[in-house]
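> Okay, predicted coordinates and the sequence, questions at the end:
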Amino acid sequence: MLCEDAHPSRRKTSERKRTIVRSRATSATHDSPHNAMAITTDFLRELDRFEILLKKRVNAQYQGNRETTNTGSGLTFKDYKEYTFGDDFRQIDWKIYSRSDKYYVRRYEEERNLTIHIIVDASASMNFGKPVTKFEYAAQVGLGFAYIALKNNERFEFSTFAEELHPFKPKKGNAHLISIVNRLSELSITGQSAFAKSLESYRKLITSKSVIVIISDFLYPITEIENTLARFKNQEVIAVQVLDPLEQSFAVEGDLILTDAETDKKMRTFVTRRVQQDYRAQMDEHAAKIHEITQAMNYSFHTVTTERPVFDTIYEAVLRQER
């Protein structure tokens with residue numbers, strides 16, 4: 001949970017990500033074990049149904065926007081046009097000329113096959129939430145993007161990051177998706193988050209025009225988020241912020257012990273309704289600043305909680321790419 005300036009006397013801790021682990025006002029806890037998610041076959045079947053429902057719109061908006069209307073020497077034939085001075089005479093179709101006595105040139109549609117890069121935050125703070133952790137939710141969103149890319153015959157790469165970047169070894173076709181599911185199911189969600197370092201490492205791996213999907217809680221200082229995202233200015237970026245409902249509502253009161261999910265440092269505090277209101281206002285302001293930054297860079301930004309159906313999040317993120 002973000003405690004950035006959540007209490008005026010604790011501004012020095014504003015750059016840390018914290019989660020509530022124990023409340024003296026209530027005996028309930030909200031943390032989760034450090035093991036990773038278990039992708040169920042039900043979820044994979046839902047992906048199949050989801051792809052069928054979205055097929056027409058995905059083909060039009062997700063894949064279609066990757067094709068230019070420029071004519072060139074690409075592999076996809078488009079149509080014919082009557083030859084005019086300046087056209088490439090090598091594209092004249094002599095068979096048509098033999099039948100019509102007119103010169104026509106072949107035109108092709110030049111395609112831009114983009115690689116979809118999916119990067120999921122797997123640091124300890126993402127291991128927060130019930131009944132679904134932020135990481136489980138984020139991984140399912142990432143798998144949704146991977147599945148859509150696979151169905152549209154687009155290349156995709158999947159990576160996680162915590163203290164360092166962990167790219168998954170690519171494989172062909174369905175084997176790639178299955179290997180990702182297996183890797184996610186075995187992953188340990190621990191460690192501090194090196195957001196800027198990991199994303200900079202990833203940027204160096206990108207060699208062509210790409211779509212970058214970053215899924216995280218984005219509970220980092222605004223300047224770090226801005227500087228990091230700015231490094232992808234020549235790419236198409238989709239940022240998805242995943243939060244637990246408690247991180248938005250801060251629906252706790254009384255004497256609390258807070259634990260930094262990534263350093264295990266503890267801090268005792270007393271939460272009043274005024275503190276709750278200040279916290280919520282600052283969380284809203286944090287998200288609003290990220291939205292402002294991404295909008296200025298012509299990126300797509302979405303804030304969701306784990307209560308929202310995961311397919312609604314995928315649907316919105318995919319179909320709003322062309323905003």
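Alright, I've got the coordinates.
> which stretches of the stretch 51-200 of the chain have low pLDDT?
Scanning the stretch 51-200 of the chain for pLDDT under 70 picks out 51-78, 86, 89, 108-113.
> any idea how far residue 102 is from residue 218?
When distances are taken as CB to CB, to the nearest Å, residue 102 and residue 218 turn out to be 60 Å apart. Where you see a C-beta, it was placed from the backbone N, CA and C, and this is true even at glycine.
> same deal with residue 137?
Noted for residue 137: a distance of 14 Å to residue 218, by CB to CB.
> Residue 161 now?
The spacing between residue 161 and residue 218, counted by CB to CB, is 13 Å.
> quick one: strands adjacent to whichever strand or helix holds residue 241?
With the criterion set as DSSP states H and E, the secondary-structure element containing residue 241 is strand 236-243. Strand 236-243 has these partner strands in its sheet, going by DSSP bridges: strand 210-216 (parallel), strand 300-305 (parallel).
> what helices or strands is the helix or strand just after that strand leaning on?
Sequence order places helix 245-249 as the next helix or strand after strand 236-243, per DSSP H and E. Packed against helix 245-249, as judged by 3 or more CB pairs under 8 Å, 6 or more residues apart in numbering; DSSP states H and E, are the following elements: helix 273-296, strand 300-305.
> what comes into contact with the last one?
So the one you mean is strand 300-305. By CB atoms under 8 Å, 6 or more residues apart in numbering, the residues outside strand 300-305 that reach it are 237-245, 247-248, 287, 290-291, 294-295, 313, 316-317, 320-321, 323.
> Separate out the buried members of the residues you listed.
The neighbour count (16 or more other CB atoms under 10 Å) marks 237-244, 247-248, 287, 290-291, 294, 313, 317 as buried among the contacts of strand 300-305.
> which residues in this protein form strands?
19-23, 67-72, 76-82, 104-111, 115-121, 156-161, 165-167, 210-216, 236-243, 254-259, 266-271, 300-305 (DSSP state E).
> The shortest one pairs with which strands, and in what direction?
The reference is to strand 165-167. Within its sheet, and counting by DSSP bridges, strand 165-167 is paired with strand 156-161 (antiparallel).
> quick check: angle from the strand it pairs with to strand 115-121?
20 degrees (axes from the mean of the first three to the mean of the last three CA atoms, to 10 degrees).
> what comes up buried for strand 156-161?
Applying 16+ other CB under 10 Å to strand 156-161 flags 156, 157, 158, 159, 160, 161 as buried.
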